[in-house]
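Asks: next come a sequence and a model predicted from it.
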Amino acid sequence: MLLSGLLLLDRALVRANSSLARLDAQSGALLTEAFVADYDATLDRIAAQVGEARPLAASATLDAAVIAMVQRTPGIRHVWATTLDGHRILSVDRTGPSTPRLSSTLTDSLDQPHPTGRSTLGVTHRGRSAGSSGWILMTRSIRTADTLVRGRSRSADSVITVGVVVDGEALRQLLLRTTTDSSEATSSSRRILLVLAGADTVTTLGGDASGRHPLGADSAVSLARLPTGGRWTVASTHSLATRSQRWGMLALGIGGMLFLAIGLLREQQRALHVAARSVELERLYSDVKRANQAKSEFLANVSHELRTPLNAIVGFVELLRDGFYGDLSPRQVPPVDRIAASATHLRHLVDQVLDIAKIAAGRLEVHTETIVLRPFVLNVASELESLVSEKGLALSITVGASLPRVRTDPTHLRQILINLIGNAVKYTTAGSVSVRARLLGAPEDIGNRTPMPRAGMDDPSAAALLAKAPRTGIWIALQVIDTGVGIAPGDMARIFDEFEQVNAGPRGDSMQRGTGLGLAISRRLARLLAGDISVESVLGRGSTFTIWLPVSPADLARERPVSVEAAPVPPTAA
């Protein structure tokens, strides 16, 4: 309750001082309007005297009449009248010991001609120094009949500019005199009252000695409408509370409550910011989601439409190679083989793009089957044996026959293995490519049935490998190991991104360069099969990609004990 009372009191002070600033600015604007209107009427009377002047006696009579007006109006500092050609026909100064002198810049500006053909009224300002009142120049152009001006001929309907220089201090004194005993609260809390003509300062009440104007968000602004149709700005600022009031408020509270109030206000602002940011992020997420969905649908449709003509091309090329349309000549065989290789590569690329689109759209189906891992891996390796032989590499497979059966999608698992083995062969110039599988995380009684390494105290390497599994459970780690170029630590994360490659090579050799989709598709397929793919690599020494295949404890319990380990497939060398 004390905290609420302090906050309410502070808000009441803010509203009260805002009201005082607004009333102060409005009253200052009204006084400024009256001030300018008064001197505008004086200028009108002086212009009338100049317009009625006649030859001969015009000089003495005009000067005497204008001097009398100047003496009756304390704020006027100088009165002048000039013709269009710059001839001064009237110049009257106020004299006195305390009368300020006009600056040379202001005096020079009075002699400038005012080429206008109609009667106008303008208000301008030229400041003298920072923080002081300035000069107010009021001018009016009049037309006079044909006559003589101080011995000089004047043409009919000639234009004469009549002007007065008013000291801005007169406006300041007028604003000061309005502070009566009933408005002492206004004057005591006022920080500054400022009258501005555009970017120039007419006069100032308050402020500091340097001339700075402390106007801020708590300032009130009002407009003074001038007889010319222009506007001056009157701004006022009042302090939020006096020193004694602020100390009184602090004495009523507790330090802890003050910190609590500040914390609550900051948390509220932060919550509003977070809410606004959340709305913006939701909107951006919706836009990105729609754009990604449109991209996926586009890729899926285009890839699907490309497969039909590609299949036709591949089919007809195979017919040509089989001699269905006649035997090929020796010169025709190489181009047809090149067509077949390019069509196969393009169909493989289209299939990869279609798989990415299906995975992103969530339309890739999984058909789970129970497979025996050893013959499955041998079958996949046999498809790539020719590719390994062409590069002169050794291929070894170590997959025990005692491994439990795995429930997975054989089509997707085959695609993962082909991608990983193909990459291993591609980035290995000399050495070997190995495929091996091991059971990790099996219970003690079941794990002893297989001679394959288990995670335990007897095999630290298996325990270290099991620590990299996606989650706890029983796994078969199917590894593809090569002795190729390896991968730098900074590149291991991005190789699984779409269209990302390390040392991809020139774009002109697209068949050797690849697309950068194989690893991205493989990881997504592995995760779709409830597993994952991890990588370990040493730059210049090779890489090891591990496919994590989950094993159900029920399937593991049904496996029969096997005491004889299947011999590994002998290495295949070119």
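Replies: Thanks, I have it. Residues are numbered from 1 along each chain as shown.
Asks: separation between Val485 and Arg45?
Replies: According to Cβ to Cβ, to the nearest Å, Val485 and Arg45 sit 99 Å apart. C-betas here are computed from N, CA, C, even on glycine.
Asks: who's more crowded, the two?
Replies: More crowded of Val485 and Arg45, by other Cβ atoms under 10 Å: Val485, with 18 against 12.
Asks: gap between that one and Lys426?
Replies: Taking Cβ to Cβ, one finds Val485 at 10 Å from Lys426.
Asks: next one: Val336
Replies: Going from Val336 to Lys426 by Cβ to Cβ gives 25 Å.
Asks: compare these two (neighbour count), which wins?
Replies: Set Val336 next to Lys426 and count neighbours by other Cβ under 10 Å: Lys426 wins out with 17 against 14.
Asks: next helix or strand past the helix or strand containing Val79?
Replies: Using DSSP states H and E, Val79 sits in strand 76-83. Following strand 76-83 in sequence order, the next helix or strand is strand 88-93 (DSSP H and E).
Asks: now the angle from that next one to strand 76-83?
Replies: 170 degrees (axes from the mean of the first three to the mean of the last three Cα atoms, to 10 degrees).
Asks: mind giving me the packing neighbours of strand 88-93?
Replies: helix 58-72, strand 76-83 (3 or more Cβ pairs under 8 Å, 6 or more residues apart in numbering; DSSP states H and E).
Asks: kindly compare burial across the ones you listed and name the winner.
Replies: Counting by mean count of other Cβ atoms under 10 Å, strand 76-83 has the highest mean neighbour count of those, with a mean of 22.
Asks: what is the mean pLDDT for that one?
Replies: For strand 76-83, mean pLDDT is 84.
Asks: so where's the stretch 1-150 of the chain shaky on pLDDT?
Replies: In the predicted model, the stretch 1-150 of the chain carries pLDDT under 70 at residues 2-3, 53-59, 95-132, 145-150.
Asks: can you do 50?
Replies: Where the stretch 1-150 of the chain drops to pLDDT under 50, the residues are 56-57, 97, 115, 117-119, 127-130, 146-150.
Asks: do you have the helices of it handy? List them.
Replies: Applying DSSP state H, counting those that start in this stretch to the stretch 1-150 of the chain gives helices spanning 2-52, 58-72, 104-110.
Asks: what angle do the longest one and strand 88-93 make?
Replies: Okay, so that is helix 2-52. 130 degrees.
Asks: cool, the second one as well?
Replies: For helix 58-72 against strand 88-93, the angle between stretch directions is 30 degrees (the same axes, to 10 degrees).
Asks: helix 58-72 packs against which elements?
Replies: Packing contacts for helix 58-72, counted by 3+ Cβ pairs under 8 Å, 6+ apart, involve helix 2-52, strand 76-83, strand 88-93.
Asks: 6 Å - rerun?
Replies: Applying 3 or more Cβ pairs under 6 Å, 6 or more residues apart in numbering; DSSP states H and E, we find helix 58-72 packed against strand 88-93.
Asks: can you pull the pLDDT of Val336?
Replies: Val336 is given a pLDDT of 86.
Asks: OK, contacts around it?
Replies: By Cβ atoms under 6 Å, 6 or more residues apart in numbering, the residues touching Val336 are 320-321.
Asks: and it, how far is that from Gly323?
Replies: Note on Val336: its distance to Gly323, by Cβ to Cβ, is 11 Å.
Asks: please apply the same query to Arg331.
Replies: From Arg331 to Gly323 the distance is 16 Å (Cβ to Cβ).
Asks: over to Asp532?
Replies: 48 Å.
Asks: the more surrounded of these two?
Replies: Shown here are Asp532 and Gly323; by other Cβ under 10 Å, Asp532 has more neighbours (18 against 9).
Asks: tell me the contacts of the more buried one?
Replies: 470, 526, 548.
Asks: what's the helix of greatest length in the chain packed up against?
Replies: As assigned by DSSP state H, the longest helix anywhere in the chain is helix 255-321. If you count contacts as 3+ Cβ pairs under 6 Å, 6+ apart, helix 255-321 packs onto helix 333-361.
Asks: do you know the pLDDT at Leu157?
Replies: To be clear, residue 157 is Asp; Leu isn't right here. Note on Asp157: pLDDT of 51.
Asks: on that earlier part again, now, which of the contacts of Asp532 lie within strands?
Replies: Among the contacts of Asp532, the members found in strands (DSSP state E) are Trp548.
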